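A.B. asks: Pasted the sequence and its predicted model underneath.
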Amino acid sequence: MARRARKRRAGATASRPPRHGAPDATVRPGAPNGSAREPMARGYARAREKDEAAREALVPLAPGERPWPVALSAVLAAVFAVANVILVLAGWEVNGRRPIASGLIFAAVMLAAAAGMWRLKYWAVLGWQVLLALTFFGAMLSLLRAANLSAVILSVVVMALTGPLFWLMIRQMARIQMPKRK
């Protein structure tokens, strides 16, 4: 098989690959060795210290406490469920069809999410965060196809609402799954 010609840096010499089984005598910059691992280990140690400090700063939920981002999310999910049922009953059409089954399934999912979040269930908050993330990225991608100013404004408003709510729910999820301290 013929060798391919490659462009070489000025002043570079041709190198041969080491023979199979022979030790590589050259040390490449950035190759893992004892001295290169030390800064990385220090970085990991600092990151672990920051993680531990963040965990210590978290306060577990008091009995009956419901953080406002979770309560707001539960109310929003309930409003979406009720609004969807009203639209289905009113005969709302999407692309010339009445999506009765899918509308009722969505309403049931939103009602389950609302009830779960109100009772501070981790699975409900996690599912809600998935929906927030999908909605945020859907709105961001819809900006690519926005044909007029109202579509741009709608996409930006949806992103402005779902992004911060997603971010605020992260700490609340950590507090929900925390063990109770004595």
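C.D. replies: Cool, got the structure.
A.B. asks: Going by C-alpha atoms from here, please, whenever you check contacts or count neighbours.
C.D. replies: Fine.
A.B. asks: Residue 158 touches residue 136, doesn't it?
C.D. replies: Yes - using CA atoms under 8 Å, residue 158 is in contact with residue 136, at 6.9 Å.
A.B. asks: shaky segments in this structure?
C.D. replies: Filtered on pLDDT under 70, the chain yields the residue ranges 1-36, 180-182.
A.B. asks: So which residue is smack in the middle of it?
C.D. replies: Centroid-nearest residue in the chain, with CA atoms, centre = their mean: residue 133, separated by 6.1 Å.
A.B. asks: Hmm, it is touching residue 162, no?
C.D. replies: Yes - proximity of residue 133 to residue 162 meets the contact threshold set by CA under 8 Å, at 7.4 Å.
A.B. asks: one step back: out of residue 158 and residue 136, which sits in the busier spot?
C.D. replies: The neighbour count for residue 158 versus residue 136, taken as other CA atoms under 10 Å, is higher for residue 136 (21 against 17).
A.B. asks: Secondary structure element holding the more buried one?
C.D. replies: Element membership for residue 136, per DSSP states H and E: helix 122-142.
A.B. asks: again with residue 65
C.D. replies: Judged by DSSP H and E, residue 65 forms part of no helix or strand.
A.B. asks: I'd like to know how far residue 143 sits from residue 130.
C.D. replies: Going from residue 143 to residue 130 by CA to CA, to the nearest Å gives 20 Å.
A.B. asks: neighbour count winner among the two?
C.D. replies: residue 143 (17 against 13).
A.B. asks: going on from the helix or strand in which residue 55 is found, what's the next piece of helix or strand?
C.D. replies: Taking DSSP H and E as the definition, one finds residue 55 inside helix 34-57. Next helix or strand after helix 34-57 toward the C-terminus (DSSP H and E): helix 68-89.
A.B. asks: which secondary structure elements does the helix or strand just after that following helix contact?
C.D. replies: Note on helix 68-89: by DSSP H and E, the next helix or strand toward the C-terminus is helix 100-118. For helix 100-118, the packing partners by 3 or more CA pairs under 8 Å, 6 or more residues apart in numbering; DSSP states H and E come out as helix 68-89, helix 122-142.
A.B. asks: which one of the ones you listed lies closest to residue 38?
C.D. replies: Nearest to residue 38, of all the helices and strands packed on helix 100-118, is helix 122-142, at 37.1 Å by CA to CA.
A.B. asks: angle of the helix or strand following that closest one against helix 34-57?
C.D. replies: Scanning forward in sequence from helix 122-142 by DSSP H and E, the next helix or strand is helix 149-176. Angle, helix 149-176 to helix 34-57, by axes from the mean of the first three to the mean of the last three CA atoms, to 10 degrees: 90 degrees.
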